[in-house]
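Peer 1: pasting the structure only:
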DNA sequence: TATGAATGAGTGTTCATTCAT
DNA sequence: AATGAATGAACACTCATTCAT
């Protein structure tokens, strides 16, 4: 029926993976189509059989990243158990997912840059972060009674910020122990919103 | 014979300011020297009388940013009063400084990208964040007895992360009320490390 | 998958020949890559598929010239017969070779200029002339007994000079009958060194 | 009457001398107006008070060179004594003049290049060489009876060639002892045309 | 007269994209 | 489908020339 559909899509993935590796290494701006083709071990022209343009590679990388995000968030929303524990799982999942695919993480630097309003590529990074915030805000709302009064959307923003900000520091300085940061993040963020059971 | 009529360094600043505005708008990668010249209302060649290269403009922008950073951090270190309150002031100062110069803030997106290891421009962004962490870690240390045990460097990273991560979200979506985030950040971060006065 | 259709080195030669024609006409300094591309009837970018830079075109032209030189000199060294007759053949060969490829001859003007010490391009023109002199000095040495005493390296320099100087004048004024100058050169140079059979 | 005429012309000479020094060092193509101004120790704009354009500097340098040539040739024409001896004096004068002002000599490389037909600057180098040849041909004609039959214009070309060709080799390789070449040149050129007094 | 800041036309080079094979 | 040679638009940077002071 679709005799080469699998091949085609596998090939596409192969090229995208190569592109992500190169983007991670040199950054999008410094990456040439030639570099991607060489990394994917195919001819330069072949890249265009699977992607419309150089920018399309970054868009596809964004999509891959956004999909990971959606998955992690969906799990958090569908999870059961105490909301603050699900928040903890969410934070750990995010960091693990990034630590698992450090190359995908490194392209965040380019995705952030390209998210700019006047950019030609309107990758919907704002949307990704908006979803993050919404999901976490929802968890906080569910946790009503466990968290202090007044905790709300802004605190969700801070929690997302803490995660992304740690990630950012790791990207700037890979010596930072990104996985070890999960607990401190939770320490700060979860304790930072938890209701104090004052005597 | 006639001494210079123009103040070299004022002119330089004027061009740099124009460059920062354009970088903020279109991103460094998409900014042409011509754009900067037009924004500064001078000829293209004149840019080169004050900057060695296009990259030098970004480096200068980094320097401007780094100087702001150093000032804010210095104030935090020299401040008096309870450490956690000084942490609060620091957080507010950082956010205010960035909200005051949103264009300078937006080039952070480019500075982060250029911080990449293989980049040609050795902008010392890692150094900037390292100083941030050190300063905050110092405040936390001074706050010993007020903060929970085990609170340390990693928590400093989380606090820096929360600030930068909120900033990041604001950059992605300028509708976020960046200055209003100071209190939630402190809410989370300060409460997140403060000793619980358990009965 | 399909092997190259074009013969790389043939293409290279084609471009080089075009470049030499333009150099001959306008001089290297006044030649734009665009001129070369147009003369070769290809796109400007294609020049760079075969040559690293504009300078590389001149270097390649030098190589072509140097190869011709080496061939002519080798023939002179390998020749048989009385040395002074071989000198005559050498002189005639040099002039004929240049008259045959007047465009290659005209780039001599540029090669001489580029031979300057501080030049970026280390075209070994001095080496070429040094070989000329050595070869001719060798012929003169072999001719010992036929030439006057005291005839040596300096006279070789003068003979090379006479050839190149005639060439120079022809380049300045193409109406000079370069090939007809072979005999006068020999007249002067050979008679100028030949032993006088004094009574 | 002409209150600053001397000053003006002296200034012009100062600049021209500076230009010649720079041309000699880096070649005309690589010489910037800035280089000349710095060498002359004046402002860049001031160069244009005395010369119309960069090219005009090379033209002026040519004029200076051509004037030296004319002087030397005039002396040869006006001289007395046996023609072949005057030819000897001429050769020596030319070489001495060049050895005296090696910088003026070095710009020959640029003058030759710029003499090209399609060049924008039609420096009359062909004219200079033509005069050389005419003068020497005249000497040879006067020497009728002392030189072999058939010696004529072409031999004049060869003699001019020998001089210029030695000069060329010296310019390519300054280690060649230019002044020591006068005698070999005469050896070859004068003996090369002199009538053999056969027994 | 002297200056050097300002200019912008001009050019070498790169590289995304196309297309003949 | 796959290739890589060919292309030319785009751009950083240079520098001769101008001109306000």
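Peer 2: Thanks, I have it. Here the structure is a predicted model, which means the values were calculated and not measured.

Peer 1: going forward, measure contacts between C-alpha atoms and count neighbours the same way
Peer 2: Noted.

Peer 1: give me the element the closest residue to DNA strand F within chain A is part of.
Peer 2: Going by CA to the nearest atom of the strand, DNA strand F is nearest to residue A:45 of chain A, at 3.1 Å. Applying DSSP states H and E as the criterion places residue A:45 in helix A:44-50.

Peer 1: tell me what that helix is packed against?
Peer 2: Helices and strands touching helix A:44-50, by 3 or more CA pairs under 8 Å, 6 or more residues apart in numbering or on different chains; DSSP states H and E, are helix A:5-26, helix A:33-40.

Peer 1: least reliable of those helices going by mean pLDDT?
Peer 2: Ranked on mean pLDDT, the bottom entry among these is helix A:5-26, at a mean of 92.

Peer 1: in chain A, which spans are helices?
Peer 2: Along chain A, counting by DSSP state H, helices occupy A:5-26, A:33-40, A:44-50, A:54-78, A:83-100, A:102-106, A:108-114, A:125-142, A:153-172, A:182-193.

Peer 1: circling back: with distance to residue B:57 as added columns, please give the helices and strands packed on helix A:44-50 in TSV.
Peer 2: Converted to TSV, these look like this (distance: least, CA to CA, whole Å):
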stretch	distance to residue B:57
helix A:5-26	21
helix A:33-40	27
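
Peer 1: Would you format those as CSV with distance to chain B and mean neighbour count included?
Peer 2: Below are these laid out as CSV (distance: least, CA to the nearest CA, whole Å; neighbours: other CA atoms under 10 Å in any protein chain shown):
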stretch, distance to chain B, mean neighbour count
helix A:5-26, 6, 18
helix A:33-40, 15, 18
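
Peer 1: Whichever residue of chain A sits closest to chain C: neighbouring residues, count only.
Peer 2: Proximity of chain A to chain C (CA to the nearest CA) peaks at residue A:43, 9.2 Å away. For residue A:43, the neighbour count with other CA atoms under 10 Å in any protein chain shown is 14.

Peer 1: Which residue, other than its chain neighbours, is closest to it?
Peer 2: residue A:37 (5.7 Å; CA to CA, 6 or more residues apart in numbering or on different chains).

Peer 1: does that neighbour really touch residue A:49, like I thought?
Peer 2: No: checked against CA atoms under 8 Å, the pair residue A:37 and residue A:49 is beyond contact range at 11.7 Å.

Peer 1: and for those two, which residues touch both?
Peer 2: Counting by CA atoms under 8 Å, 6 or more residues apart in numbering or on different chains, no residue touches both residue A:37 and residue A:49.

Peer 1: ok, back up a step: for the residue of chain A closest to DNA strand F, give me the pLDDT.
Peer 2: Residue A:45 is assigned 97 on the pLDDT scale.

Peer 1: Low-confidence ranges, chain A, go.
Peer 2: Applying pLDDT under 70 to chain A flags the ranges A:1-6, A:197-199.

Peer 1: How is it partitioned into domains?
Peer 2: The record's domain parsing of chain A by automatic domain parsing lists A:1-51, A:62-193.

Peer 1: Just say which of those is most tucked in.
Peer 2: Highest mean neighbour count of the domains of chain A: domain A:62-193, a mean of 20 (counted as mean count of other CA atoms under 10 Å in any protein chain shown).

Peer 1: Could you check it against chain B for contacts?
Peer 2: Yes: with CA under 8 Å from any CA of the partner chain as the criterion, chain B is reached by domain A:62-193 at A:109-110, A:112-113, A:115-119, A:125-126, A:129, A:154-155, A:157-169, A:171-173, A:181, A:184-185, A:187-193.

Peer 1: need the residues of chain A near DNA strand F, please.
Peer 2: Neighbours of DNA strand F within chain A, by CA under 7 Å from any atom of the strand: A:42-49.

Peer 1: from these, which is closest to chain D?
Peer 2: Using CA to the nearest CA as the measure, the one of the residues of chain A next to DNA strand F that approaches chain D most closely is residue A:44, at 38.8 Å.

Peer 1: Isn't that closest one up against residue A:34?
Peer 2: Yes: using CA under 8 Å, residue A:44 is in contact with residue A:34, at 5.7 Å.

Peer 1: Among the residues of chain A next to DNA strand F, which one lies nearest to DNA strand E?
Peer 2: Nearest member of the residues of chain A next to DNA strand F to DNA strand E, counting by CA to the nearest atom of the strand, is residue A:45, at 4.1 Å.

Peer 1: Next, find the distance separating that closest one from residue D:52.
Peer 2: From residue A:45 across to residue D:52, the span is 53 Å (CA to CA, to the nearest Å).

Peer 1: again, but for residue A:17
Peer 2: Going from residue A:17 to residue D:52 by CA to CA gives 61 Å.

Peer 1: just residue A:112 next, same as before
Peer 2: Here the criterion is CA to CA. By it, residue A:112 lies 54 Å from residue D:52.

Peer 1: cool, and residue A:192?
Peer 2: Between residue A:192 and residue D:52 the distance, using CA to CA, works out to 76 Å.

Peer 1: Now do the same contact list for residue A:176.
Peer 2: A:169-170.

Peer 1: roughly how far apart are it and residue D:161?
Peer 2: Distance of residue A:176 to residue D:161, computed by CA to CA: 75 Å.

Peer 1: cool, residue A:148 as well?
Peer 2: As judged by CA to CA, residue A:148 and residue D:161 stand 101 Å apart.

Peer 1: With residue A:87 instead?
Peer 2: Going from residue A:87 to residue D:161 by CA to CA gives 92 Å.

Peer 1: Same question for residue A:39.
Peer 2: 60 Å.

Peer 1: Indicate whether the helix holding residue A:45 makes contact with DNA strand E.
Peer 2: Yes: counting by CA under 7 Å from any atom of the strand, DNA strand E has neighbours in helix A:44-50: A:44-46, A:48.

Peer 1: So for residue A:136, which of the helices and strands packed on helix A:44-50 sits nearest?
Peer 2: Nearest to residue A:136 among the helices and strands packed on helix A:44-50 is helix A:5-26 (28.3 Å), distances taken as CA to CA.

Peer 1: quick one: the closest one to helix A:54-78, angle?
Peer 2: On the basis of axes from the mean of the first three to the mean of the last three CA atoms, to 10 degrees, helix A:5-26 is oriented at 100 degrees to helix A:54-78.
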